[in-house]
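Peer 1: Build me a structure from this.
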Amino acid sequence: MAERRMISKSLLMDNEFLSLSNDEKTLYFYLLMFADDDGFIKRSIMIDGVLHVSDDNYNNLENKGLIISENSEIKVITHWNTLETIREKLYTPTVYLDYRSQLFLKVDYSYTKDPKDAQVFTSADNWVKNGRPKNIKDFKPLIQQHLQEVQYQDSTSTVPVQDNDGTCTSPDKNRLDKNSIDKSRTAQSSSGQQSKENKYKYINSSSNGGMGENASLPAVSTSTMDNNATRENGVITGEDSGVTTSSNETEINYLFDYLNGLLDGEDIPTDNERLRKLFDTALDNYRPEVIRQALEQLMAFLNGYPTSQIPSTLANHLTEAIKQVTANENQE
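Peer 2: Alright, predicted model coming up:
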């Protein structure tokens, strides 16, 4: 941890800071000095004893928006990233990763716990993962992407809902709103889109494990080791046949065709390595029709999303959507 910390004159001149008592101003400086490189600090007997501060002093700092309390002991400096710039080679992540995962960054790089704040552009974890950049010129696309991700997470929430008796959960209440998905899918259809979807229409086939065939492509053999396994509840089980093949190449291409059939704009190239790996991993564990249902649900929420950002969004949420589809199948 660094021995020196920076502080801004604008903070010292801020009305919220000036309205603090002298004890609380001193407490804030101590917290700033002893915080780790992500702005987290554990309340200590040393600081409390030396300064003779109480819970009220910490509460006043929080009420003024200067710190965020994770619990009675762990605090984080709200404007830490605004005040401090730590070079990458000197930066050491906090040990309080569970708490950091609950924080989000606003356009002034301050922390908040509210993911729906209009100024939030990313999560704290994503910002750190991307190298903690502080030279962002245009926040608008980042804010839009973040809000869409939040809306998607809200719509696919699987938090159990109690029944009227307060003892049982109701699976039906935790499912995706299929009506809203259907409406979104209908709204994005157009004459051009319809012809595009027709091009990639799948025909269910029992001879290939329900994978389906692309009506616009010639028939191909699907004799892979996957066919020698049993699929139950959407998940592949059974013994490996020992046959070595080119894995899921054909099925991956089918998924690209299906995905592009759901897009309004330009197609995503089939050589997108990130999506190929994502589809390959998914196909090792789930039936293709389950993956297609998950893609449909995701794309219904991503209507109007920039095509260039679709791969990264799918990488973050496809597995979650597949599990949701599988869970719904099990409930039915």
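Peer 1: Low-confidence bits of the stretch 51-200 of the chain, can you list those?
Peer 2: Scanning the stretch 51-200 of the chain with the threshold set as pLDDT under 70 gives 156-200.
Peer 1: Mind doing that once more with 50?
Peer 2: For the stretch 51-200 of the chain, applying pLDDT under 50 flags the ranges 158-193, 195-200.
Peer 1: likewise the stretch 201-332 of the chain?
Peer 2: For the stretch 201-332 of the chain (pLDDT under 50), the answer is 201-233, 236-246.
Peer 1: ok, now with 70
Peer 2: 201-247, 303-304, 331-332.
Peer 1: ok, which stretches of it are strands?
Peer 2: With strands called from DSSP state E, counting those that start in this stretch, the stretch 201-332 of the chain shows them at 202-203, 213-214, 230-232, 235-237.
Peer 1: check contacts around residue 107.
Peer 2: Contacts of residue 107 were listed using CB atoms under 8 Å, 6 or more residues apart in numbering, and they are 119, 121, 139, 143. Yep, even glycine has a C-beta here, placed from its N, CA and C like the rest.
Peer 1: can you rerun that using 7 Å?
Peer 2: 119, 121, 139 (CB atoms under 7 Å, 6 or more residues apart in numbering).
Peer 1: Would you format these as CSV with secondary structure, distance to residue 81 and neighbour count included?
Peer 2: Formatted as CSV, those follow (DSSP: H, G, I helix; E, B strand; the rest coil; distance: CB to CB, whole Å; neighbours: other CB atoms under 10 Å):
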residue, secondary structure, distance to residue 81, neighbour count
119, coil, 14, 14
121, strand, 12, 22
139, coil, 14, 15
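Peer 1: From those residues, pick the one nearest residue 321.
Peer 2: Set against residue 321, the nearest of those by CB to CB is residue 121 (23.6 Å).
Peer 1: Spatially nearest residue to the closest one (excluding sequence neighbours)?
Peer 2: residue 142 (4.1 Å; CB to CB, 6 or more residues apart in numbering).
Peer 1: so how far is the helix or strand that contains that neighbour from its chain's centroid?
Peer 2: With secondary structure defined by DSSP states H and E, residue 142 is part of helix 140-155. Offset of helix 140-155 from its chain centre (CA atoms, centre = their mean, to the nearest Å): 9 Å.
Peer 1: And for the residue nearest to residue 121, the neighbour number?
Peer 2: Residues near residue 142, counting by other CB atoms under 10 Å, number 17.
Peer 1: Equivalent analysis for residue 324, please.
Peer 2: Neighbours around residue 324, by other CB under 10 Å: 20.
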